[in-house]
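A.B. asks: predicted model and sequence below, questions to follow.
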Amino acid sequence: MELANAFLIFANYVLVPSITYGAQLALGALGVTLIFGVLRFSNFSHGEMMSFGTMVTILVTWVFQKSSISIYPLPTALLALPIGILATVCFSLAADKIVYSYYREAKAKPVILMMASLGIMFVLNGAVRLFVGPGDRQFFDGERFIVTASEVKAYTGLAEGVSIRSTQAITVFISILLFVLLYLFLQKTRAGTAMRAYSDNRTLATLSGINSQAVVRITWILAASLAVVAGVLYGLDKSFKPFTYFQILLPIFAATIVGGVGNPLGAVVGGFIISFSEIALTYPYRKVVLYIYPDIDLNGYILQLVPTDYKFSISFTILVLVLLLRPSGLFRG
Amino acid sequence: MSFFGGSNMYGGYGPIKILNGCSISVEPGEVSVIVGPNGAGKSTAMKALLGLVELTSGDVFLDGKSIDALNTRQRVMAGIGFVPQTENIFPGLTVDENLSMGGYLRADSVADTKQEVFKLFPVLGDRRKQLAGTLSGGQRQQLAVGRALMTNPQVLLLDEPTAGVSPNVSAQLLYEISNLKTRDMAIIMVEQNARQALEIADTGYVLVMGENKFTGSGPDLLKDREVKKTFLGG
Amino acid sequence: MTRNIALFGTLFFLFIATGYLQSWSVTLSILNLCLISAVMALGVNIQWGYAGLFNAGIMGFAAVGGTAALLISHPPIQGAVAAGGSGILAALAILLAAFAIVVGVRRFAARKLRRPLVLIVLLASVPIAVRAFSGAKEAIEAFEPASSGFLGGLGLPIILSWPIGGAAAAAVAYIIGKVSLGLRADYLAIATLGISEILVSFFKNEDWLTRGVKNATGLPSPFPPIQNLQNNGWVQDITAWLNGDKLAQMSDAQMNAALKLHSAEVASLIVKLGFAGLFAVVLLFLVLLSELSLKSPWGRMVRAIRDNETAAAAMGKNVGARHMQILVLGSSVVGIAGAMLVTYEGQFTPNSYLPLRYTFLIWVMVIVGGSGNNAGSIFGAFLIWLVWIQAEPLGFWIVDMATSRMTQDSDIRAQLLAQSQHLRLLIMGSILLLVLRFNPSGLIPERPHNRAK
Amino acid sequence: MISVRNIVKSFGGVRAIDHASFDVEAGSITGLIGPNGAGKTTMFNTIAGHHRADSGQIVFQGEDISGLPPHELFARGILRTFQLAHEFPTLSVLENLMMVPAEQSGERILNTWLNRKKIKQEEAALRQTAESVVDFLNLDHLAHTPAGNLSGGQKKLLELGRTMMVDAKIVFLDEVGAGVNRSLLREIGTAIKRLNDERGYTFCMIEHDMQFISRLCDPVIVMVEGRVLTTGRADEILQDPEVIESYLGATATEVVT
Amino acid sequence: EEIKMGILLGFTGPAESLATNMALSAELAWQEASKSGLLLGGATIVPVRGDSTCQDSSTAVTAAERLVNSEGVVGIMGPTCSGITVAVTKNVTGNIGVTMISPAATSPAITELDDGDYTFRTVPSDARQGVVLAEYALESGVDTVAVSYVNDDYGKGLSTSFETAFVERGGQVLMNAAHEDGRGDYSAEAGALSASGAEVLVVFGRFDQGGRGIIQSSLDVGAFESFVLADGMISQVLLDNVGPGLEGAFGTQPGSSSEAADRFIQLASEAGFDGDGGFRAESYDAAAVLALALQAAGSADREAIRNNIRNVSNAPGEKIYPGELAKGLEILGSGGEIDYEGATSVVFDEFGEAPGTYRIFEVVDGKFEVVAVR
Ligand SMILES: Nc1ncnc2c1ncn2[C@@H]1O[C@H](COP(=O)(O)OP(=O)(O)OP(=O)(O)O)[C@@H](O)[C@H]1O
Ligand SMILES: Nc1ncnc2c1ncn2[C@@H]1O[C@H](COP(=O)(O)OP(=O)(O)OP(=O)(O)O)[C@@H](O)[C@H]1O
Ligand SMILES: CC(C)C[C@H](N)C(=O)O
Ligand SMILES: [Mg+2]
Ligand SMILES: [Mg+2]
């Protein structure tokens, strides 16, 4: 009984949030890692691509909502998602054509491409705000909870409960799905191998008859789609605000690096490492321990390893520690 | 006009002029070998044939038609295979994937060709799952040639295929290359291992400072005293 | 060479134009920040341009320098020191003693005993130190929290903090280097970025030391306060001389009012010029040192290491030690700039240390200007900061122009004008992309070293 | 001079060196041959400190040097070249050479600020040496070109040139000959001999060109599958049926003559 | 005649979502004054905007310099954030002598800022808000709380003053922890706060940033059911976004008469924007005070404007409310006296700030309703 309570409280405050946040980071990290893996640069505009795609999705969602098109209990935004993806794919292909392709052909150093992506980031950042302004945008509709903590409490009669939001379930489901698909695509299909070959040695890829433009295009299509999916799911779960999409870039990069850049599996694991280290290490375990050992005298200690003030630091500390043990990330890129 | 080659090629790397009017060509079922001192422009000439180096003047032709307008990939699709001198493998892919990439353009099954390559270079068969970047120097070289063979091209360009390859394998390699003639493949090869290479050559070119210095059949060149002394190490 | 002259000439012209079109005071403000940014960019260039070290922790080192400025110059807060100074000292002393014992143990104790002994020492000392520390911390932070709530500093002249900030940043860089130097470029970048976030969150949250997010304002300036300065006779004289024509036509009362107004402006100009002079001296000095090293076998060795670490090691170069040296030198330059910035602004605000502003923007400066070339990085710093500031009015101007055909009270025009601030980033991004497009290796790229005479 | 004892080195499942032992005598030009993948390069990498052996010992002039980092080995006079050329691409050819000597006073940062004069003198001397090396390698017209723009063979020459910049005790050459024009290779062979005679360098070289090996090397060590198969004089080795079988192939005799 | 006035707000950066409507509110007041045709015999006020970023003082200071020195503004409405207010005062306006009225900087540090009496604010210091909130909370039977504050000078100052007052009066603060704005996820904070064992969560943050994130996360996992809020959180947007979970929460916001506040909201909606939300009324008032002081000064003289700020906004005189600027201008023009009340009961004490009247709101049926004023 008490053990069940201990587990529920742990699940509610640590497990479920970490898994959700981890999945959100993982989705973002997949896109970053893909661009790095194939095009060989760190794409700083990824966060803004997420934001841009989400913005388009929101605008379309509003149109749908006005004309009462809906897929209740799922959020309408999922219906609008393809259009957001389409817009972002178009944007990124255009950006590649106008900006990145030039440096690729000139065989510029990766840092130049990275700076160019910073430029794109600035441009998108300004553009998104010009369109929808810097404010908070709520676009979630549909059923918010699959089960709430109080429902669980009422049902089980326990003192603790666990709540699961529909957005959490959708996020986890979609990220697992996308991860598996991406992995299969990269490892098992000819196009996937061609992408890896291209990233390894471009001249030789051309000499083998690989269409490098097609490879680049596929990469952007995948990365942009991943970005928009990540952005929309994140926005559904929290809310859409351009500023946060810039801020979330840092943990996404951290996740990418911990896992090993260029490696999709690494991106996913990295996302969860970051989220767990933020949440599990800053959670005060007082109640959990008290459920398990009711008689213990904690003397006022709340059993918090690190204050939440330092949660960002703690995830970076974990990052540095992981890199110390495995200098190229958990899974080699 | 021959089947494949470049005539009167001028060009280089931006302002740096390397090729000064050199011409190289090959017929189906024949082997042309290019020799010359280091930095003569041999590799540059090969790259020019593939469109990897821009020509300021001169023509590259295939099957009687100029292919100057084609880009590298289109030339590859037209049936030209190339093994560069350096960076000639995908280091991050396994040996097996490297070979598969070699057969990327082929519509037919590549399994048979792969088996042939493994027969020619048994070590590649043993290391199918090893990352190519971790192969030894000579193994890399074998893989590079194997990758090009996978394309089953009409024209095969090889830039120093035997560099760093142990004598037994390199002898066999040259033997196999001369065998390819029977498949009507046209082969151009740069070699520093010139004696052996010229022995199987139908035409030999000695390139110096981006110009053809001597041209002749392989055995003829081997006999030429001056060529022997200045380029083949006496 | 002519190109460089043209570029710097253009820059000079832009500054003069700013002076005429906006005001000299704005020009000097921008110039001073340009100089500080240039020092930071120099630090980044030493690391990336010379040696290929991808340090994305610039922000952290700037914050360390800034903290040094605070701790050197702020007058000590007697009450807080009385309340908790001894506790902090005690905690420090305990930790130092423990450290000494650990060092002793590791040197002299039998091999087998080392680990357990070290463990015992740590277990015994750390909790005591923590207890002493947290008591002291609470006492300090409780002391007049609204106006102070921290220990204050040493009350020394703030200029001293420039070298000390540099040294502190160097020390921090040494520790960071020990941890992260083995990493490959992107990994090193994110590790340093992470560590710099940790540093900044330390400065943000340890109120007893830095006053945290409550900010420490009113740091002493190396120059007399403007309010005093403007009443000085000679300032008034200069003002009168500068505005002679205008003043001559005024009545006495008007003239006095105008004189007062203008002398405040002149005084602030004088102070800014003073800062500009100091900053320029620092910048030139650092550039001189850095050029001397770069144009010598040391520079050659460092470039060789950047080109190929394996081969450099095989040629007898101690790659690890050189990387450490460069990380430390470059970071200390950034630290100096951080201290200069806090000196200039007269306040320490930990919340303003943001990666966008201190890491990415500085990197943009280096890359746009031309990495591997000091002149390039400095040019980049000047240009990018100028653009960063002027993008705002420029954005407004662009919208204004673009929509001027619309009626004055058009909604779209109003909406666009209202959001015109966001054009700043858009313009910044476009300029970045344009410059990179036409000068992929920077406006003043690294000189090829092949014509060494 | 250098003694390799029972070295083992594996990469994952591949055992690249399998209990190999051999000695290189002071003053010799020792050849190291063997089929592709025999572990020769790995052996060099291990000796020169780029890899750490799983087990075994390397002794240099009586001192155990296993596991020392490359720059310390260099300081002891142990030099190596790379099979895949490792030039410094943005440095000019001359600079590639001039950076080689260790302990240049100009490499200390304080000296670059305070002791410019001394640096200048040293540089002048260095430049002379470097120029003579460049002349020797027929690269004089490229002295000021970035090394990244050299042709494949020229890069290999540069590799060799670097070993001529300092007074090495022992030089490990990994296939300097591959990709080098044979006429030039002859001259290189002569130079190696001269360095060996006049300056007392010890050489240990990997090479697949049997003509080159038999002209220069004594003794020759044969490695196969990570082990040392045999050691002996070149002419003996070339007749050894096992060596012919695993390495030289049928054309062996023809090559030698 | 055209007279320039500055609007210096954090248009980009963490407070960017507040800035637009604050600027519109200020411009509304100036338009009102200009359109009346009574200002200095028909002068118009031309607003000039500058970006104070809320975080980067170098940029903010340069923007302020541009306003002051190149645009030649005679007064500034802004900035948004306290840290920037100090920096701009110290480096520009305090030195040169330009009146600056901040509608949002609430840090206690500004009270005794050495500003040459050029810096004012239409919001009271958090030192006072903390006390008011603490008292009201205890009266409503809330005595054990956890506090989550935004990690800047505003949140820190407010949480300190609240905790001190709350504990002095017998309450208990089980945890007082910071959160950062703009983070991706706040479940860690929500979890930690709930584990403190408190039943009520006090949030000192921003309604569209971390503050909202904390509340959302807490509601999602069922960590808290009761909330106490401060000014940064009082906004209908918050209620609309978070849903019914906030029912019964209460909080403070500067201002007294709700009637006057409603007048402003009415004006705003006529002008086409939403006047209900953080610091908009304060912005209108700050701008109005500047316009009135300009009128009282009789000319666009920076010092004279400063000298008239208190004259127009403190008693004695005819009370002026939002929308009545014309009346105020007229009285001033004819040499009379006014006491500008505005939407937020403007008074400036010797430090140039409002002594602080607060409205206490409670969430009833998804709306903030005023339940008390103190
Ligand atoms: N990093 C690595 N990971 C896995 N296997 C490796 C690695 N490096 C080398 N090997 C393997 O070790 C063996 C020895 O390689 P080494 O490079 O020493 O050969 P070598 O004798 O120099 O051959 P060559 O004459 O072709 O240069 C090879 O089979 C190679 O595939
Ligand atoms: N990317 C490049 N940029 C500039 N110059 C180059 C470049 N690559 C090669 N060169 C120069 O072009 C000349 C010819 O090079 P190339 O590689 O064609 O020589 P090669 O005949 O193949 O020599 P090797 O036998 O040594 O491989 C050389 O002098 C070299 O310095
Ligand atoms: C936007 C506001 C929440 C600003 C806050 N009152 C401050 O002083 O910084
Ligand atoms: Mg070549
Ligand atoms: Mg080898």
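C.D. replies: That came through fine. Ligands and ions are numbered 1, 2, ... in the order given.

A.B. asks: check whether E:A43 really touches E:W30, as I assumed.
C.D. replies: No: using CB atoms under 8 Å, E:A43 is not in contact with E:W30, being 11.0 Å away. Where C-beta positions appear, they are placed from N, C-alpha and C, glycine not excepted.

A.B. asks: and the two? Which one has more around it.
C.D. replies: Higher neighbour count among E:A43 and E:W30: E:W30, with 25 against 18, using other CB atoms under 10 Å in any protein chain shown.

A.B. asks: in contact with that one, which residues?
C.D. replies: E:W30 sits next to E:5, E:45, E:47, E:287, E:291 when contact means CB atoms under 8 Å, 6 or more residues apart in numbering or on different chains.

A.B. asks: which helix or which strand is home to the residue nearest the centre of chain C?
C.D. replies: In chain C, the centroid-proximal residue (CA atoms, centre = their mean) is C:G338; its distance is 3.1 Å. C:G338 is located in helix C:319-345, with elements delineated by DSSP states H and E.

A.B. asks: what packs against that helix?
C.D. replies: helix C:24-44, helix C:58-73, helix C:161-180, helix C:252-294, helix C:297-307, helix C:309-314, helix E:57-65 (3 or more CB pairs under 8 Å, 6 or more residues apart in numbering or on different chains; DSSP states H and E).

A.B. asks: could you rerun that using 7 Å?
C.D. replies: helix C:24-44, helix C:58-73, helix C:161-180, helix C:252-294, helix C:297-307, helix C:309-314 (3 or more CB pairs under 7 Å, 6 or more residues apart in numbering or on different chains; DSSP states H and E).

A.B. asks: ok, the residue of the stretch 251-374 of chain E found nearest ligand 5 - how many residues close by?
C.D. replies: Across the stretch 251-374 of chain E, the shortest distance to ligand 5 (CB to the ion) belongs to E:G278, at 69.8 Å. Look at E:G278: counted by other CB under 10 Å, it has 26 neighbours.

A.B. asks: that one - that's part of a strand, no?
C.D. replies: No: using DSSP: H, G, I helix; E, B strand; the rest coil, the assignment for E:G278 is coil, not a strand.

A.B. asks: now it: how far from ligand 1?
C.D. replies: Separation of E:G278 from ligand 1 (CB to the nearest ligand atom, to the nearest Å): 60 Å.

A.B. asks: same question for C:K204.
C.D. replies: From C:K204 to ligand 1 the distance is 45 Å (CB to the nearest ligand atom).

A.B. asks: torsion angles phi and psi at that residue?
C.D. replies: The phi/psi pair for C:K204 (degrees, to the nearest 10) reads phi -70, psi -40.

A.B. asks: nearest spatial neighbour of it, skipping sequence neighbours?
C.D. replies: Excluding the flanking residues, the one nearest C:K204 by CB to CB, 6 or more residues apart in numbering or on different chains is C:P350, at 4.4 Å.

A.B. asks: do I have it right that that neighbour meets C:V213?
C.D. replies: Yes: look at C:P350 against C:V213 with CB atoms under 7 Å: they come within range, at 6.2 Å.

A.B. asks: can you tell me the closest non-neighbouring residue to the residue in chain A that ligand 5 sits nearest to?
C.D. replies: Ligand 5 sits closest to A:N201 of chain A, with a gap of 20.1 Å, by CB to the ion. Once flanking residues are discounted, A:N201 sits nearest to B:F90: 5.2 Å by CB to CB, 6+ apart.

A.B. asks: right, and the one you found touches A:T203 too?
C.D. replies: No: taking contacts as CB under 7 Å, B:F90 lies outside contact range of A:T203: 10.8 Å.

A.B. asks: more neighbours: the two, which one.
C.D. replies: B:F90 (27 against 17).

A.B. asks: in what helix or strand does the more buried one lie?
C.D. replies: Per DSSP H and E, there is no helix or strand for B:F90.

A.B. asks: the stretch 1-150 of chain D: helices as residue ranges?
C.D. replies: D:40-47, D:70-75, D:93-98, D:109-114, D:116-136 (DSSP state H, counting those that start in this stretch).

A.B. asks: packing partners for the helix or strand following the longest one?
C.D. replies: Toward the C-terminal end, the helix or strand that comes next after helix D:116-136 (DSSP H and E) is helix D:152-163. If contacts are counted by 3+ CB pairs under 7 Å, 6+ apart, helix D:152-163 sits against helix D:93-98.

A.B. asks: buried deepest among the helices and strands packed on helix C:319-345, which one?
C.D. replies: helix C:58-73 (a mean of 30; mean count of other CB atoms under 10 Å in any protein chain shown).

A.B. asks: contacting residues around stretch B:197-208?
C.D. replies: B:22, B:24, B:30-37, B:40-42, B:45, B:174, B:177-178, B:189, B:191, B:212-218, B:221-222, B:227, B:231 (CB atoms under 7 Å, 6 or more residues apart in numbering or on different chains).

A.B. asks: that one: end-to-end distance?
C.D. replies: 18 Å (CA to CA, to the nearest Å).

A.B. asks: just the residues contacting stretch E:199-211, thanks.
C.D. replies: Stretch E:199-211 has contacts (CB under 7 Å, 6+ apart) with A:135-136, A:241, E:14, E:17, E:142, E:144-150, E:155, E:158-159, E:162, E:179-183, E:186, E:193, E:214-215, E:218, E:224, E:226-230, E:232-233, E:235, E:237-238, E:278.

A.B. asks: could you list the buried residues of that stretch?
C.D. replies: Under the neighbour-count criterion of 16 or more other CB atoms under 10 Å in any protein chain shown, stretch E:199-211 has E:200-211 buried.

A.B. asks: what's the average pLDDT for that stretch?
C.D. replies: In this model, stretch E:199-211 has an average pLDDT of 90.
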